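Participant: what's the 3D shape of this:
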Amino acid sequence: METSIVISGFGGQGVLFAGQLLAYAGMDNGRFVTWIPSYGPEMRGGTANCTVIVSHDPVGAPIVAQPDIALVFNQPSYDKYAPLVKSGGLLVVNSSIVTPEVSRADINLVQIPANEIANEFGTAKMLNMAMIGAMLAHHDVLPVTALEAALRDHLPEAKQKFLPSNLDVLHEGFRAATQMTQPA
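Facilitator: Numbering: from 1, shown residues only. Model (predicted):
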């Protein structure tokens, strides 16, 4: 099984780290992975996105026109990627700052207040963990335990003091997503 994931938002929201973490979790669990980042020259505050593919088989091409899953952290990302999600796919929306405008009956829409969840445990900079948790609640690309281990093993040493909070946000995003699902 191969799953393609696009993660998109503003620079500084942890978009690229979220993708790296998924790729590390996949590798650490014997999967084939690709991670392709893209960001504007201004980095923080500009646009950032990445594409991650996690597969049981070698990945043929790392380019994704229609992702199975999109995690959108801001409105411009929603506007760009919501129409591209594959039919039957999953769209995870940060409802703290995104208002879905297009209705699609052919995908699963999950909206969680990622900023508020992250703030509850320390800082909005951890909203990426809430979004990953929400995705894992609705798609079995990897088990939550794989992301927990990847956080422990790959969170930069300077950020290790935030490990417990990141784990809390991951779990709260998972929990919130199980309660806030609605049709697209």
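Participant: which stretches of this structure have low pLDDT?
Facilitator: Scanning the chain with the threshold set as pLDDT under 70 gives 40-46, 102, 180-184.
Participant: what about the helices in it?
Facilitator: Using DSSP state H, the helices of the chain run over 15-28, 75-81, 114-120, 127-138, 144-154, 163-179.
Participant: which one of the ones you listed is the most hemmed in?
Facilitator: helix 127-138 (a mean of 28; mean count of other Cβ atoms under 10 Å). C-beta: built from backbone N, CA, C; applies to glycine.
Participant: using CSV, list the CA coordinates for that helix.
Facilitator: The C-alpha trace of helix 127-138 is given here as CSV (Å, rounded to 0.1, in the frame of the first residue of the first chain):
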residue,chain,number,x,y,z
LEU,A,127,0.0,22.6,15.7
ASN,A,128,1.8,20.3,13.3
MET,A,129,1.6,17.5,15.8
ALA,A,130,-2.2,18.1,16.3
MET,A,131,-2.6,17.8,12.5
ILE,A,132,-0.6,14.6,12.3
GLY,A,133,-2.6,13.1,15.2
ALA,A,134,-5.9,14.0,13.4
MET,A,135,-4.7,12.3,10.2
LEU,A,136,-3.7,9.2,12.1
ALA,A,137,-7.2,9.0,13.6
HIS,A,138,-8.7,8.6,10.2
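Participant: on that earlier part again, looking at the helices of the chain, spot the one closest to residue 5.
Facilitator: When the helices of the chain are compared by Cβ to Cβ, helix 15-28 sits nearest residue 5, at 6.6 Å.
Participant: where's that closest one relative to the chain centroid, distance-wise?
Facilitator: With Cα atoms, centre = their mean, to the nearest Å as the basis, helix 15-28 stands 10 Å off its chain's centre.
Participant: how about residues contacting it?
Facilitator: Residues outside helix 15-28 that contact it (Cβ atoms under 8 Å, 6 or more residues apart in numbering): 5, 7-9, 32-35, 37, 39, 48-52, 54, 71, 73, 128-129, 131-132, 141-142, 146-147, 149-151, 153-154.
Participant: what do you get for stretch 89-105?
Facilitator: Contacts for stretch 89-105 (Cβ under 8 Å, 6+ apart): 9, 66-75, 77-79, 81-83, 85, 107-116, 127, 131, 134-135, 138-139, 177, 180, 183-184.
Participant: measure that stretch end to end?
Facilitator: In stretch 89-105, first residue to last residue: 11 Å (Cα to Cα, to the nearest Å).
Participant: off-centre distance for it?
Facilitator: That offset, for stretch 89-105, works out to 13 Å (Cα atoms, centre = their mean).
Participant: ok, stretch 106-123 next?
Facilitator: 11 Å.
Participant: compute the first-to-last residue distance for it.
Facilitator: End-to-end distance for stretch 106-123: 34 Å, by Cα to Cα.
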